[in-house]
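here are the coordinates; sequence isn't available:
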């Protein structure tokens, strides 16, 4: 056992140093491969050490538990949501400095916390360690009733922060449910309403919005990619139906939403998308429509392979750039092109588009001389 734990201690510090070097000098050849190798090995070692702490009593928890928890936390959660605000490289430097500081503190405790000052464990240190059912119950219970709720709260916090960040604050997840912030803008006697939409929501949400869109001097710039060439074989509005039924919610019905309103089509056609975007959307459509778990797993592997360029990791920058360009930038530009012609005939333009579009469209609206005048909140779904 001493060899295993000492190996974890060495790997822990090597992993921290290589991670720190990756953040400080990301272009060094071979360093990323070495860093990923040690990260994987140390993560596996942390899992083993944590299981040993659960099974055997009288192990030095005060030394091993903090180091193990740091590795598990950073390995599985990547210090979210720090990368959203600091960037990947800065976060990498910060978390690895933190990892090394925790490790240094644990090693100081190991060296100066016993009469025999040393930096490593000996086999004799574990002579009295044995399985204890009472210790196992206490350790497991502490993780279930203390660490479990803390983890759930942390994940909820990360999801809330991430959604608010990527939507520019237009969508927020809170204790009472998911809510969107409608923002209104004015320029002279003309007004624009930006209404963040969701593919899935409560019937009340869609009904209330539909009622607010009516008015003789009001026009809605409608979202909705057309597909005159039939390029999207599997991805359409029906792709979200199964998820909505499972959650006992409604799918956004664009025809019903636009009924009894003045509206203009303000979106693009799928013929304008790149081949990689079409292929990826079709793969996602198959995933969303998969009726069984085996089919869902097969579809997920297909999505993962496309996203990685075949490498098995969701990290292909070319695809991300293509999706961002086609699904956001291109469509936002098309929507904004319709604002000026619509305002020539109407006093109020309503733009009920997906929440991910809102930051870009808002930027375009402000650049056209509008100023934000007021806001209003709508609950997409209540818990």
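Received the coordinates, thanks. Note that this is a predicted model, so its numbers are computed, not measured. Residues are numbered from 1 along each chain as shown.

Excluding covalently adjacent residues, which one is nearest to residue 100?
Nearest non-adjacent residue to residue 100, counting by CB to CB, 6 or more residues apart in numbering: residue 16, 4.3 Å away. C-beta coordinates here come from the backbone N, C-alpha and C atoms, glycine included.

just so I have it, where are all the helices in the stretch 201-350 of the chain?
Secondary structure of the stretch 201-350 of the chain (DSSP state H, counting those that start in this stretch): helices at 203-212, 241-247, 254-258, 275-289, 293-308, 317-323, 331-337, 339-345.

Mind giving me the packing neighbours of the third one?
Just to be clear, that refers to helix 254-258. Packing partners of helix 254-258 (3 or more CB pairs under 8 Å, 6 or more residues apart in numbering; DSSP states H and E): helix 203-212, strand 218-222.

now the angle between strand 218-222 and the longest one, please.
Here helix 203-212 runs at an angle of 130 degrees relative to strand 218-222 (axes from the mean of the first three to the mean of the last three CA atoms, to 10 degrees).

in helix 203-212, what's buried?
Neighbour-count burial for helix 203-212 flags 205, 206, 209, 210, 212 (criterion: 16 or more other CB atoms under 10 Å).

Out of those, flag the one nearest to residue 145.
Residue 145 has its nearest neighbour among these in residue 205, at 35.6 Å by CB to CB.

Spell out the secondary structure type for the closest residue to that closest one other than its chain neighbours.
Of all residues not flanking residue 205 in the chain, residue 380 sits nearest, at 5.2 Å (CB to CB, 6+ apart). The three-state label for residue 380, taken from DSSP: H, G, I helix; E, B strand; the rest coil, comes out as strand.

Which pLDDT does the model give residue 380?
Note on residue 380: pLDDT of 95.

show me the contacts for it.
Residues in contact with residue 380 (CB atoms under 8 Å, 6 or more residues apart in numbering) are 171, 177, 178, 179, 180, 198, 201, 202, 205.

And residue 383, by the same measure?
Counted by CB under 8 Å, 6+ apart, residue 383 has contacts 175, 176, 177.

contacting residues for the last one?
Remark: with contacts taken as CB under 8 Å, 6+ apart, residue 177 is in contact with 379, 380, 381, 382, 383.

So in that sheet, which strands flank whatever helix or strand residue 182 lives in, and in what orientation?
Assigned by DSSP states H and E, residue 182 belongs to strand 177-187. Strand pairing for strand 177-187, using DSSP bridges, gives strand 171-174 (antiparallel), strand 190-194 (antiparallel), strand 371-382 (antiparallel).

So what's the gap between the second one and the chain middle?
Spelled out, that is strand 190-194. 30 Å (CA atoms, centre = their mean, to the nearest Å).

Does residue 90 touch residue 26 like I think?
No: between residue 90 and residue 26 there is no contact under CB atoms under 8 Å: 11.4 Å.

now the helices of the stretch 201-350 of the chain as TSV including mean pLDDT?
As requested, the helices of the stretch 201-350 of the chain are exported to TSV (pLDDT from 0 to 100):
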stretch	mean pLDDT
helix 203-212	91
helix 241-247	83
helix 254-258	87
helix 275-289	90
helix 293-308	83
helix 317-323	81
helix 331-337	97
helix 339-345	95
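
can you tell which of these is closest to residue 234?
It is, among those and with distance given as CB to CB, helix 275-289, at 3.5 Å.

buried residues in the closest one?
276-278, 280-289.

re earlier: return the member of the contacts of residue 383 nearest to residue 143.
Taking CB to CB as the measure, residue 143 sits nearest to residue 175 out of these, at 24.8 Å.

do you know how far the residue nearest to the closest one when sequence neighbours are not counted is from residue 102?
Ranked by CB to CB, 6+ apart and with sequence neighbours excluded, the top spatial neighbour of residue 175 is residue 383, at 7.6 Å. Distance, residue 383 to residue 102, by CB to CB, to the nearest Å: 36 Å.

neighbours around residue 119, how many?
Residues lying near residue 119 (other CB atoms under 10 Å) number 10.

scratch that, residue 377
Using other CB under 10 Å, residue 377 has 9 other residues around it.

now do residue 375
Residues near residue 375, counting by other CB under 10 Å: 12.

tell me the contacts of it?
With contact set as CB under 8 Å, 6+ apart, residue 375 has these partners: 181, 182, 183, 184.

Specify which member of the residues you listed is nearest to residue 233.
residue 182 (34.5 Å).

Which strand residues bridge that closest one?
residue 376.

ok now do it, which residues does it touch?
Residues in contact with residue 182 (CB under 8 Å, 6+ apart) are 193, 194, 195, 196, 375, 376, 377, 378.

gap between it and residue 257?
For residue 182 relative to residue 257 (CB to CB), the value is 14 Å.

What separation is there between the residue nearest to residue 235 when sequence neighbours are not counted and residue 368?
The spatial neighbour of residue 235 that comes closest, neighbours along the chain excluded (CB to CB, 6+ apart), is residue 285 at 3.2 Å. Plainly put, residue 285 is 35 Å away from residue 368 if you go by CB to CB.

burial count for the closest residue to residue 121 other than its chain neighbours?
Spatial nearest neighbour of residue 121, excluding adjacent residues (CB to CB, 6+ apart): residue 2 at 4.8 Å. A count of nearby residues for residue 2, using other CB under 10 Å, gives 13.

Would you check that residue 2 makes contact with residue 129?
No: applying CB under 8 Å as the test, residue 2 and residue 129 come out as separate, 10.7 Å apart.

where does this protein dip in pLDDT?
Across the chain, the ranges flagged by pLDDT under 70 are 114-116, 237-238, 308-317.
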